[in-house]
Each structure stands twice: as structure tokens, then as C-alpha cells.
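> Below is the sequence, then the predicted model.
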Amino acid sequence: LIKLSEKEHKHQEPLPASSKIPYARLTDVLERIEQEPGRLKMTAMVSEFFLEVLEQFPGPEKITHVVYLFINRLGPDYEPDLELGLGETLLIKAISECYGRGVSKIKEDYKEVGDLGLVAQKSRSAQPTMFKPAPLDVDLVFENLTKIARATGKDSQARKIGIIKQMLTSCNLKSNEAKFLIRSLEGKLRIGLAEKTVLVGLAQALLNFENKSSKRILPETLSKTEDIMREAFSLIPNYEIIIKSALTYGVANLLEHCHLTPGVPLKPMLAKPTKSIGEVLDRFQGEEFTCEYKYDGERAQVHLLESGEVRVYSRNSEDMSERYPDLLSIVKDFVRVTDETKDKPKSMILDCEAVAWDREAKKILPFQVLSTRKRKDVNEKDIKVHICLFAFDVLCYNGESFITRSFGERRKCLMENFTPMEGKFQYATSKDSSDLNELQAFLDQSVKDSCEGLMVKMLHGPESFYEPSKRSRNWLKLKKDYLAGVGDSLDLVVVGAYVGKGKRTGSYGGFLLAAYNDDTGEYETTCKIGTGFSDEDLVLLYNKLKPSEIAQPKPFYVYDTKNSNSAPDVWLEPTTVFEILIADLSLSPIYKAAHSEYGKGVSLRFPRFIRTREDKGIEDATTSTQISEFYERQANVTK
Ligand code: ATP
């Protein structure tokens, strides 16, 4: 456990003995983290502050607010309308009105420093204050941010600006509250602190709090606690519930008290890519495994609550129930079960893929058809693109968690307790075989049946347990279209664009893409893409991305600063994820993905656009670690 030195502590004011945590105290820690390059020291700063908060306020409320402000969120992912990420125009207006400086002056400053938070901070310092407003505290900021995120309707802009101005006025002249407040409102703190560091910091703080510093904590105890915390969070991605349980039962006992709960989506298990059936057979040598069709639709985690309510969650834990009213009806139908030999489930969590379905031809339709469905204000009566739900796993059944049962058992539970209904609810087609020819034929058949290829899964023993949030080698994906390339498509964040020439005049002609570094929270550039777009794609993308043009690259973009030729014509807010296909990967002097690993970054060669990934947030993009894995696998193959 890293301890901070006296010097590192020195300028840290102790928390005042009051019922409030000054917001300035929290932003002071954020500032120190921003200046700190070392990950271990960063974690120590997080955990020491959390511990201090717990010592002064031993209940769950304050620490939960602090944790959320550290990760810049206001609640769990599955709770709707809690997103920050306000546009620059609105924030510039609020800063201008609050501090009495012209919009053009603020824009000029912004162009110069590239950080609206800093501009607000400077504007604050320049404004003399006649009276001393009440200082901001953590609960008040949290409450106000929530009000802003939830504000809807006609006059919501004005209300948001009103609240922001009020808070900006209360920012202390000497602190950096204004800077972090604006960054929070923009949706990104950009201090290089990833959520997984906050989770580890929280585990350390809770452990120290329980021990009251009486005993030295052994490194193995600490690392076990961190594992427990990570596992608990992937089962229940909700800090409020986890903190409450840890404070009530002890952090070591968290897993006994963090049960899978219908209504709370768990982080889905993910698969590793493979390039050939041979690679699959090498991996599963001597083990029993099964192959399933890999359906090309949208992941749907289907929850039946004890109350009878049905909810559906996306791959990144968003509540999709409103978007899929027809899916809710299907679930209610198959749960009602016509087959009298089966009991009606009281509660459950199923892992499924929702796929577009042609009711007349009785067959699967491609993903492109599914993506034409409306995403908002969906009325079941108007739905033209119907769906069929293909179920491949049971994670919870009648209140009991199934994730530590073998996949064989889970599949048995699925098949014994649910009756398929053609075109509405079906099991994933599967084949248990380790014969190369049979598998080849099954792969070919999956493609004929409009699937992307196969998912290969371990069948028995602990390796076949469901591993929430993990990209596991016990699940392999074999995508037919990508066997010739690196084995998979990549999902990258659009950070810049190039002005179109010739036929593409008037829209963007190409884009700069970046991978997500989930250790640092930065976006590392990895290729420029201009191929694979139809004229219609380019128009749609221009209209979608134009409003997110920004004057400066974000401070958390990692790109080639030495060579101005490689900069895009315009920088963009990180909002959109492209799925792309590539031929191979190489080290490059210009691009930066995984640069900390190789000194040089990895670039992607011959990238081709497939589609935008509406179901992926920017932090769900392909990570720099995955890029280096692709690179190393390719290096091994060509060696
Ligand atoms: P990843 O989830 O690996 O980051 P991704 O979201 O692009 O990438 P894919 O790489 O295409 O997804 O593969 C995994 C996805 O395949 C799952 O998230 C799920 O939505 C889908 N899928 C389709 N059929 C199955 C199946 N039989 N078992 C598991 N997942 C399946």
C-alpha cells in the first residue's frame, strides 16, 4: 500500500469539523491527481481522501456523492437522465453572464488555452466580489448537477444556466472549483483518473476504515479486497448499494451480500477474438466446448422482476425497455408459458441477442434492418421491423444466481424452463463438437442463416462460469468476415475530421480515430479513415458530427503534437464510435495507441468503415490494451 509522504500531504487541509464537505477540498484532491503521473500515488490520493471522508462521515451518503463526483457521474448507468455533457455554447453563455465577460472574449481565451474549465477559473479570478457567497459543498454540487442533468422541457436551457451561474458565483476565488465544475458539466474531468482506479481506491479506503489503522494491512488482504470490490461491482454496478453493504457487513463479506438482482443489470461477459477454427481447437484442447450461432443484432439482458415487471438492458447497461415495447410483450408471452408441464418463472435474468426478423419469410434479417428501428417514442402498434429474441444464457432464476454454475447447467435450465416460440423467442442454435470438419460446416451454415459466425464456449467446470464484465478466453468469437484480417472488427472513437474534397466537398472526407486507454482515461489516435463510406453515410455523419466541432483538441487526446501535418482539419468532441475493419497493424511514428507499451504507437492499416456503433459509449471502445493484443497476435503469426 503506497503511503503519501509528509510533503505530499502538506498542502492538504484537513476536513473541517462541520456537517459539510467543502467542494473546494474535493477539487483540491482532483488537482493533485491531475498533476500526479504515477498510478499508485494517484490511487493513494483517492483512497486517503475517501478514508478521511469516511472517518468524518461514517454513513454511506457523503462518500457515495464523493465517489460519483470523482468518476463524474450522478448514479448508475442504468438510471436514465443522469448524463452530464453540456455543450460548449451553453457553458460559454453561463460563464459570460456570470462573470460579466463578453462571449467573444471567452471564446478567444478558450481558443488559446483549450480548456473551458481553466477559462472559467481565470474569469472567476478576474471578477472582484462585493459579498462573500456561501461556499459550495459536495452535497449541494451533486444535487445541482442532478437537477441540471434531469432538466427537460421548454425553458430547461434557461434553468440550467441559472443553476450553473449560481454555482459559479459561489466558487471560491482561491480554489479551482470553477475549473472542475465546468469540466464536470462538460462530462469529463480529464485528470487521467480511470474508474477502475477509483474502485481500487474505494476498496482500500473501506478496508482501512474497518481496521481503524490498528493493524498493518497485509498486501494479500489488500489485493483480495480489491478483487472482491471489482467482482461486487460487476455484479451490482451501483456504488450506493455496494458502499452501503460494505459499511454494514464489512468489505470482505461484500460478495455474500451483493446478490444478482433483477432490475439491476450486471456487466455482460465478453469474448476474445479468434482467427480460425484451428486456433479455437488449440485453445480448448481436451476440454468440452460448444459452438453457438453468433447472431447479429443487439445484446439484450432480459430481467423479470418478482413484481412481474420486465426490463431490458443493453450491452452497456442502459435501460432499453422503452425502445423495445414489442420485446417486453414477447417476454411476457413466453414467461406465461403455454406448456403446462413448466412452472412460470417468478424472476430471472436471461442473456440474449435481439435480432430483426422477417415474419413472412421466417428468417433473420441483417443488423442494418434492426438499426432502422426508432430509438425514441416507440409505439408498439407502429413497429414495422419485428424482432426475435435468441437466448443463450440464464444468469439468475427464481431469485437464485446461476453465474457460478457451469454453462452446461445454465443451458439446461434455459431449455427446461422456457418454451421456444418461432420468430419470437428461440434458443441460440448450438453444436457440441470438436471435429474440425463439422465445425467448418457449422460455421458456414451460421453465415447462410444470416449470422456473423460462431461463439465458442467452455461447457463444464469453473472455467465455464459466467464472468461478468470480463473479456474471457472461455468465450471465443469466430467471425466469418474477419478471418482474413485480424479476426475481429474494432470500435474506435472519432476525435477529428478532414474536410472533404472533390465529390466529398461540403461534408467530411475522412476521420481521425482513437482507441480508449482505460488506465489513463485518454484517447490515443490510431488511424485516419476515408474508405467504406457511402455518400449517404457521409452526409449523415456530417450532420451528426458538425455540432461537436471544437476549437482545440481535448487535453485527454493523445496525438502527434510534433507533426502538424498529421492533425485533422477539425477536432471533434468524443461522442461517436465507428466499427471498422482493418487489414493489419503496424508501429508508426505518428499514431499513439498503446505507445506506452512500445515507445511508438500502433496504427491500423487499410481501415474500412462498417457502421457507427450506437450501442457503444466512448468508454466501451476498443482499448489500447486490446490493440496491443491484436498487434502481438499478428506478430506471433507472422514470426
Ligand atoms: P465486444 O462485446 O467483444 O466488445 P462487440 O460488442 O462488438 O464486441 P462482438 O465482438 O460482435 O460484440 O461479439 C460479442 C457480442 O455478440 C455479444 O455482446 C452479443 O451481443 C453477441 N452475440 C450474438 N450471439 C451470441 C451468442 N450466442 N453468445 C454470446 N453473445 C452473442
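Great, that's in hand.
> isn't Ile191 right up against Val29?
No: when contacts are counted by CB atoms under 8 Å, Ile191 is not listed as touching Val29 (9.7 Å). The C-beta positions use only the backbone N, C-alpha and C, and glycine is treated the same way.
> Name the residue in these two with the higher neighbour count.
Comparing Ile191 with Val29 by other CB atoms under 10 Å, the one with more neighbours is Ile191, at 22 against 19.
> looking at this, Ala515 is in a helix?
No: secondary structure of Ala515 (DSSP: H, G, I helix; E, B strand; the rest coil): strand, not part of a helix.
> Report pLDDT for it.
At Ala515, the model reports a pLDDT of 98.
> check contacts around the closest residue in space to it that isn't next to it in sequence.
Spatial nearest neighbour of Ala515, excluding adjacent residues (CB to CB, 6 or more residues apart in numbering): Ala593 at 4.4 Å. By CB atoms under 8 Å, 6 or more residues apart in numbering, Ala593 lies in contact with Ala514, Ala515, Glu524, Thr525, Thr526, Gly601, Val602, Ser603, Ser624, Ile627, Ser628.
> Swap in 10 Å and give it another go.
Residues near Ala593 by CB atoms under 10 Å, 6 or more residues apart in numbering: 492, 513-517, 523-527, 558, 585, 601-604, 622-628, 630-631.
> what's the answer for Asn565, then?
The neighbourhood of Asn565, defined by CB under 10 Å, 6+ apart, consists of Ile590.
> Return the distance of it relative to Lys528.
11 Å (CB to CB, to the nearest Å).
> follow-up on the earlier one: between Ile191 and Val29, which contacts overlap?
Jointly contacting Ile191 and Val29 under the rule CB under 10 Å, 6+ apart are Phe70.
> Give me the subset of the contacts of Ala593 that lies in strands.
Mapping the contacts of Ala593 onto strands (DSSP state E) picks out 492, 513-517, 523-527, 558, 585, 601-604.
> in the stretch 151-300 of the chain, what residue is nearest the ligand?
Sorted by distance to the ligand under CB to the nearest ligand atom, the residues of the stretch 151-300 of the chain start with Arg299, at 3.3 Å.
> which regions of the stretch 51-200 of the chain lie under the pLDDT threshold?
The stretch 51-200 of the chain contains residues with pLDDT under 70 at 127-130.
> whoops, I mixed them up, the stretch 201-350 of the chain
Those would be 213-215, 336-341, if you go by pLDDT under 70 across the stretch 201-350 of the chain.
> of all the residues in it, which ones are close to the ligand?
When proximity is defined by CB under 6 Å from any ligand atom, the stretch 201-350 of the chain lies next to the ligand at Leu270, Ala271, Glu292, Lys294, Tyr295, Arg299, Arg315.
> Close to the ligand: what parts of the chain are there?
Contacts of the chain with the ligand, taken as CB under 6 Å from any ligand atom, map to 270-271, 292, 294-295, 299, 315, 353, 392, 428, 455, 477, 488, 491.
> Take those and lay them out in CSV including neighbour count and secondary structure.
CSV is the format used below for the residues of the chain next to the ligand (neighbours: other CB atoms under 10 Å; DSSP: H, G, I helix; E, B strand; the rest coil):
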residue, neighbour count, secondary structure
Leu270, 16, strand
Ala271, 19, strand
Glu292, 23, strand
Lys294, 23, strand
Tyr295, 26, coil
Arg299, 19, strand
Arg315, 19, coil
Glu353, 22, strand
Phe392, 23, strand
Ala428, 22, coil
Met455, 23, strand
Lys477, 19, strand
Asp488, 22, coil
Asp491, 24, strand
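> what's the burial count for Thr404?
Thr404: 8 neighbours (other CB under 10 Å).
> ok, now the one 10 residues further on?
Leu414: 21 surrounding residues under other CB under 10 Å.
> What residues of stretch 25-32 count as buried?
By neighbour count on 16 or more other CB atoms under 10 Å, the buried set for stretch 25-32 is Arg25, Leu26, Thr27, Asp28, Val29, Leu30, Arg32.
> And stretch 220-237, by the same measure?
So for stretch 220-237, counting by 16+ other CB under 10 Å, buried means 222, 225-226, 228-237.
> circling back to that earlier point, now the common contact residues for Asn565 and Lys528.
With CB under 10 Å, 6+ apart, Asn565 and Lys528 have common neighbours Ile590.
> Identify the residues contacting the residue of the stretch 151-300 of the chain closest to the ligand.
268, 270, 312-316, 320, 351-354, 392, 615.
> what sits opposite it in the beta ladder?
Listed beta-bridge partners, Arg299: Glu353 (assigned using DSSP bridges).
> Which residue comes closest to Gln368 once chain neighbours are left out?
Arg611 (7.6 Å).
> Mind listing what's buried along the helix or strand the one you found falls within?
Taking DSSP states H and E as the criterion, Arg611 maps to strand 608-612. Buried positions in strand 608-612, judged by neighbour count with 16+ other CB under 10 Å: Phe609, Ile610, Arg611, Thr612.
> Nearest to Gly201 among the residues of the chain next to the ligand?
Checking those against Gly201 with CB to CB, the nearest one is Leu270 at 24.7 Å.
> Alpha carbons of the strand holding Arg611, in PDB - could you do that?
Extracted in PDB, the C-alpha atoms of strand 608-612 (Å, rounded to 0.1, in the frame of the first residue of the first chain):
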ATOM      1  CA  ARG A 608     -12.600   0.500 -43.800                       C
ATOM      2  CA  PHE A 609     -15.800   1.900 -42.200                       C
ATOM      3  CA  ILE A 610     -18.600  -0.600 -41.400                       C
ATOM      4  CA  ARG A 611     -21.100   1.400 -39.300                       C
ATOM      5  CA  THR A 612     -21.500   3.600 -36.300                       C
END
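> ok so, going back, ok, the residue nearest to Ala515 to the ligand distance?
Distance, Ala593 to the ligand, by CB to the nearest ligand atom, to the nearest Å: 16 Å.
> for that residue, phi and psi?
Main-chain dihedrals, Ala593, degrees, to the nearest 10: phi -60, psi 130.
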